[in-house]
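1. Give me the fold of what follows.
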Amino acid sequence: MDLFDLHCDTAYECATRLGSVDLMKGARHISLCRGKYLRNWRQIFAVFMPDEYREEAAIAHYERVRDYLYRQARMFPEDFRIVKTGRSLSEDFDGCSAILSVEGGSVLAGRIERVQSLYDDGVRLITLTWNDSNELGDGIRAKKGRGLTPFGREVVKEMNRLRMAVDVSHLSDAGFYDVAAISSAPFVASHSNARALCGNLRNLTDEMMDTIVRRGGVIGLNFFREFLRDDGEARMTDILRHAEYMLSRGCGDSLCLGSDFDGCDVPSDMTGVESMAALYEAFLRLNYKEDLVRRIFFDNAARYFTKYIFEE
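-> Sure, this is the predicted structure:
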């Protein structure tokens, strides 16, 4: 089967918390070994930026995880590569094709020229904030819940110019609508669910989902138990429940997967990337047409990144 996953924290886990363990062994949810059964595997690897990192400390942290990923590509060239062009994105590769992202705009250290620097490194998506505030604006857990700062607005425009995906997952509600007003390109919520089904503020309201769909963006279903059910007692069927709700709101061409692997606690009947085959089959057992399931698992994300990010 094919898989295009919009978000995992595996690189951060392996490079920092696990002491630079290699990707062949991996972390709790993803390893190159465990994903070998996949045919076309496109995985967005996020460099997670803890909120307390600022300025030079933030840059140093980013570079540590970035360098880790490039070392993995050199160590396992038959199993892992970093994608920077549309040509390489579309090529068949018997391994994991990685797209780099950064989860937290503090990586820019308040300097607009660093957007170009990240692009040159291969970063093609930036999640503007994590949960608290940074130089770009407020995250969803920031006390004041403000929108984008003037610098954040400048960053969105620069990302549009460079063809980088603007990611609103973790952003405050006010920030979401600032992006909707400013961005000239379709934007994404890489790992967020439906707030109507689970009230966690990290999820999207109906109006937010409608906005992303109308603009041609994509939404990645998040596997975190706390974003699937209010009581946190989630199972795989709760992922299907959120998918069905989003599809009922016209997300058929926008719905993707944004697992949050290695950055969350997954449903009790899932273990990691090897569970994707069972999730695929669960969709089919509910009589979803295979064409739609393939769109959710691969085609919608591939189309978005080919058309808006990697077009050459």
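
2. quick one, phi/psi of the residue sitting nearest the centre point of the chain?
-> In the chain, the centroid-proximal residue (Cα atoms, centre = their mean) is His7; its distance is 3.0 Å. The phi/psi pair for His7 (degrees, to the nearest 10) reads phi -160, psi 130.

3. Tell me if I'm right that it and Ala189 touch.
-> No: the pair His7 / Ala189 is not scored as a contact, 9.9 Å apart, by Cβ atoms under 8 Å. C-betas here are computed from N, CA, C, even on glycine.

4. so what's in contact with those two at the same time?
-> Residues touching both His7 and Ala189 (Cβ atoms under 8 Å, 6 or more residues apart in numbering) are Ser169, Gly220, Gly258.

5. Those residues in helices, which ones?
-> Among those, none falls in helices (DSSP state H).

6. With pLDDT and neighbour count as extra columns, can I get the residues you listed in JSON lines?
-> Formatted as JSON lines, the shared contacts of His7 and Ala189 follow (pLDDT from 0 to 100; neighbours: other Cβ atoms under 10 Å):
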{"residue": "Ser169", "pLDDT": "98", "neighbour count": "27"}
{"residue": "Gly220", "pLDDT": "99", "neighbour count": "28"}
{"residue": "Gly258", "pLDDT": "98", "neighbour count": "26"}
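
7. Narrow those to those in strands?
-> Gly220 (DSSP state E).

8. Nearest to Arg114 among the shared contacts of His7 and Ala189?
-> Ser169 (20.8 Å; Cβ to Cβ).

9. From Phe223, how far off is the residue nearest to the centre of the chain?
-> According to Cβ to Cβ, to the nearest Å, His7 stands 10 Å off from Phe223.

10. ok, now Asp265?
-> Distance from Asp265 to Phe223, by Cβ to Cβ: 9 Å.

11. okay, these two: which has more neighbours?
-> Set Asp265 next to Phe223 and count neighbours by other Cβ atoms under 10 Å: Phe223 wins out with 31 against 14.

12. Which residues does stretch 19-33 contact?
-> In contact with stretch 19-33 (Cβ under 8 Å, 6+ apart) are residues 8, 10, 13-14, 18, 34, 43, 68, 72, 75-76, 79-80, 95-96, 259, 261-262, 266, 271-273.

13. taking the residues you listed one by one, which sit in strands?
-> Going by DSSP E, the strands hold Cys8, Gln43, Phe80, Cys96 from the contacts of stretch 19-33.

14. tell me the two of those residues that are most distant?
-> So for the ones in strands among the contacts of stretch 19-33, where distance means Cβ to Cβ, the most widely separated pair is Cys8 and Phe80, at 13.2 Å.

15. Just to check, Met270 is in contact with Leu279?
-> Yes: using Cβ under 8 Å, Met270 makes contact with Leu279 at a distance of 7.5 Å.

16. Between those two, which contacts overlap?
-> Residues touching both Met270 and Leu279 by Cβ under 8 Å, 6+ apart: Met236.

17. coming back round to it: overlap in contacts, His7 and Phe223.
-> Contact criterion Cβ under 8 Å, 6+ apart; residues shared by His7 and Phe223: Ser259, Asp260.

18. just the helices in the stretch 51-200 of the chain please.
-> 55-75, 86-90, 113-121, 150-162, 173-182 (DSSP state H, counting those that start in this stretch).

19. will you turn those helices into JSON lines that also has distance to Gly252?
-> Below are those laid out as JSON lines (distance: least, Cβ to Cβ, whole Å):
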{"stretch": "helix 55-75", "distance to Gly252": "33"}
{"stretch": "helix 86-90", "distance to Gly252": "22"}
{"stretch": "helix 113-121", "distance to Gly252": "31"}
{"stretch": "helix 150-162", "distance to Gly252": "26"}
{"stretch": "helix 173-182", "distance to Gly252": "21"}
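
20. Please name whichever of the ones you listed is nearest to Leu284.
-> helix 86-90 (26.0 Å).

21. so where's the chain uncertain?
-> 312 (pLDDT under 70).

22. Quick one: list the elements packing against the helix or strand harbouring Leu240.
-> Assigned by DSSP states H and E, Leu240 falls within helix 236-248. Here helix 236-248 touches strand 218-221, helix 225-228, strand 255-257, helix 276-285, going by 3 or more Cβ pairs under 8 Å, 6 or more residues apart in numbering; DSSP states H and E.
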